[in-house]
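**Student:** How does the following fold in three dimensions:
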Amino acid sequence: MTAAQTLEKLGFGVDYAQADVVVVGGGGAASRAAVSAAQAGAKVLVLAKAPVGQGGSTVHGASEIMSMGAAGYGSADDSATVHYEDTMRPAGGFIDRELVRVLAEDAPKRIADLIRLGVPFDRVNDGYKLIRSDFGTYARALGVKGKTGKAFVSALADEARKLGVETRQPAALIDLLRDSSGRVSGVVAMDLASRRLLVVSANAVVLGTGGAHGLFSQQVSTAEMTGDGQAICFRHGAELVNMEFHQFGPAMVHPYVQLFSKSCFILHPKMLNRDGREFLADYLPAGVTPEAAMDEKVFPFTISNESRYIDIAIATEIAQGRGTERGAVHFSFADIPDERLAATIPNTLRWMRAKGLDPKRDLLDVGIAFQCLNGGVRMTNTDAMSTIEGLFVVGELAGGVRGPDRPGGNSLAEGQVFGHRAGAGAAAFARDSGAPGEHDVAPLATRLGTALKPNASFDAQRIAADLRAAMQAHCLVEKTQSGLNIALAAVREARAQFTAGGAATPPQAIDALTIDNMATTAEVILQACIERRESRSSHYRTDFPQRDDAGFGHALTITRGEADPFRLAFGVLDYPRAEFTNASHLQATHHG
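**Tutor:** The predicted structure is shown next:
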């Protein structure tokens, strides 16, 4: 029985497609992969859960300093070597130095590609406007008026169309297809408009499904990123790394979501709780003023300096019921002169006024919002191949080049560098390896059968809301064993609901499958946070408040257990630390 026949027997309408390379995702990394695979001569099909240009963190990420880091456009003293060292220094032992070396060496080439595609990087006088980001020795990051990622995706999508890349959207990834040898042989997706399944046969697969923003109540991107790629790769036995490290920090959460970078804090806004009381001073140690803490602020949250008390104060006020009805506190910029606002946060000011907000008049709702996973599916080589043959991973889904801390501007650089390498590598793999064997859809058929079992109590919206609330409360700023266990219980309840049955009808199966993906990825994150019994960077365990290099100065790998997939198997991946050749100092300033 063919794959399509097996799925039709379950009651699904099934369509069929074929490509040399199928790219899943519509963000910056996936779009770059599609362009590069097509440029290498491959027939490429893109599947995007949200329409290209409308979903994902690359498109929706915005701040005063959102930018891409690349040496060669600023100081003559800057170089790929310095960029490499700036990245390795805060994360040595947690990231793959060969991946970092390629990142630093290739980033200038990918900037040049984007310039040729017409990306209008900000300029000043006769050169490019450059930003010095946190952990950066020099100003090397280029941006486009605070919405750099959106400009990237727009240019890449235009180029993909010119190259004849086919895109199907909105289409949600359901599963990977593999042959009897274990090699990837395609994917199964659901067309979210027709609710029919799409079986795509392909010689190589590039996944760029993004992060896990949809696992948290407050996040700075779009909610369709529900950890699908992480969950699917985990179920297939891929190795994940650094999943306990994720980025978050203060963001305006209403009437739209807007990250608050250092630029906002150096203005010294008033932080007020629901009762109109300034509260930051209550959380500061002796000798530290609110102004001093704000001057130190970086995004994301880190315990490395005293700005950590800002995030802790916001989260605690909300948790103890002194926040607003929207799960936030108030920020006021009323006392700041107009000219200083305009000079310091021109992009933020423009976006606010376009939404009808006046920061001189309005109290702004600010909460703690999830921004990015630093961990992901481990890249095993510089072409971004995962531990599964024929499967390439890019963007926020991929792991191995982001550790506890990373320089600002690296995220967009990673997407472009490894998006290009994965696309070209997948095209070469598809050409040189020959066609895979027949699809094995038995595991997928079993999972779909679970999703189709009638379950009158299954309410996908309620289950998702409960899971998000638990992750928001216990897996962001301050973590404890007891709090992580509370979130774990909520996650396991979500999975139990799925196991009991979900949709009952094929068109609604995606709702149940999404709950399963959310629960799976959330459990991997939580178990990793529990396993790391120390505090480091954004991973702040108040029950283990000290950094422990002897016990935990290395990356943790995660794979599924052989007998029970949710008895996670942890391993140690002690990436070699680099030897630095320059004496440049480390200074945290901005994060992009």
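
**Student:** And the strands in the stretch 51-200 of the chain, which stretches?
**Tutor:** In the stretch 51-200 of the chain, the strands defined using DSSP state E, counting those that start in this stretch lie at 68-69, 123-124, 127-128, 130-131, 141-142, 166-168, 171-178, 184-191, 197-207.

**Student:** likewise the stretch 351-500 of the chain?
**Tutor:** With DSSP E, counting those that start in this stretch as the criterion, the stretch 351-500 of the chain has strands at 364-373, 376-378, 391-393, 398-399.

**Student:** and of those, who's closest to residue 234?
**Tutor:** Residue 234 lies closest to strand 376-378 among the strands of the stretch 351-500 of the chain, at 8.1 Å (Cβ to Cβ). All C-beta spots, glycine's among them, are computed from the backbone N, C-alpha and C.

**Student:** looking at the protein, which helix or strand is least sure?
**Tutor:** Counting by mean pLDDT, DSSP states H and E, the chain has its least confident helix or strand at helix 57-60, which shows a mean of 79.

**Student:** how about that helix: buried residues?
**Tutor:** Neighbour-count burial for helix 57-60 flags 57, 58, 59, 60 (criterion: 16 or more other Cβ atoms under 10 Å).

**Student:** same thing with stretch 314-328?
**Tutor:** Here stretch 314-328 shows 314, 315, 316, 317, 318, 323, 324, 327, 328 as buried, counting by 16+ other Cβ under 10 Å.

**Student:** residues contacting the third one?
**Tutor:** Yep, that's residue 316 we're talking about. 283, 478 (Cβ atoms under 8 Å, 6 or more residues apart in numbering).

**Student:** Relative to residue 488, how far out is it?
**Tutor:** Separation of residue 316 from residue 488 (Cβ to Cβ, to the nearest Å) stands at 22 Å.

**Student:** Walk me through the domains of this protein.
**Tutor:** Here the domain parsing of the chain from automatic domain parsing is 8-69+146-245+372-433, 247-370, 442-573.

**Student:** Go ahead and measure how far the least confident helix or strand of the chain is from the middle of the chain.
**Tutor:** 10 Å (Cα atoms, centre = their mean, to the nearest Å).

**Student:** Now do it: which elements does it pack against?
**Tutor:** helix 28-39, helix 148-162 (3 or more Cβ pairs under 8 Å, 6 or more residues apart in numbering; DSSP states H and E).

**Student:** Out of those, which one sits most buried?
**Tutor:** Among the helices and strands packed on helix 57-60, helix 28-39 has the highest mean neighbour count (mean count of other Cβ atoms under 10 Å), at a mean of 31.

**Student:** and the next element down the chain from that helix?
**Tutor:** strand 44-47 (DSSP states H and E).

**Student:** Residue 470 and residue 441, how far apart?
**Tutor:** Separation of residue 470 from residue 441 (Cβ to Cβ): 33 Å.

**Student:** For these two, indicate the residue with more neighbours.
**Tutor:** residue 470 (25 against 21; other Cβ atoms under 10 Å).

**Student:** if I look at the residue nearest to the more buried one when sequence neighbours are not counted, how far off is residue 461?
**Tutor:** Counting by Cβ to Cβ, 6 or more residues apart in numbering, residue 470 lies nearest to residue 490, which is 3.7 Å off, once chain neighbours are set aside. Per Cβ to Cβ, residue 490 is found 15 Å from residue 461.

**Student:** Kindly report the same for residue 443.
**Tutor:** On the measure of Cβ to Cβ, residue 443 and residue 461 end up 27 Å apart.

**Student:** where does the spatially closest residue to residue 499 that is not a sequence neighbour land on pLDDT?
**Tutor:** Take residue 499 and drop its neighbours on the chain: the residue closest to it by Cβ to Cβ, 6+ apart is residue 450, 6.4 Å away. Looking at residue 450, its pLDDT stands at 91.

**Student:** To what extent is residue 450 buried, counted in neighbours?
**Tutor:** Neighbour count for residue 450, taken as other Cβ under 10 Å: 18.

**Student:** Thought residue 497 was touching it, still the case?
**Tutor:** No. Contact status for residue 450 versus residue 497: not in contact, 11.0 Å apart, counting by Cβ atoms under 8 Å.

**Student:** Next up, the contacts around the nearest residue to residue 380 once chain neighbours are set aside.
**Tutor:** What sits nearest to residue 380 in space, not counting adjacent residues and going by Cβ to Cβ, 6+ apart, is residue 387, at 5.8 Å. The contact partners of residue 387, taken as Cβ under 8 Å, 6+ apart, are 237, 238, 239, 378, 380.
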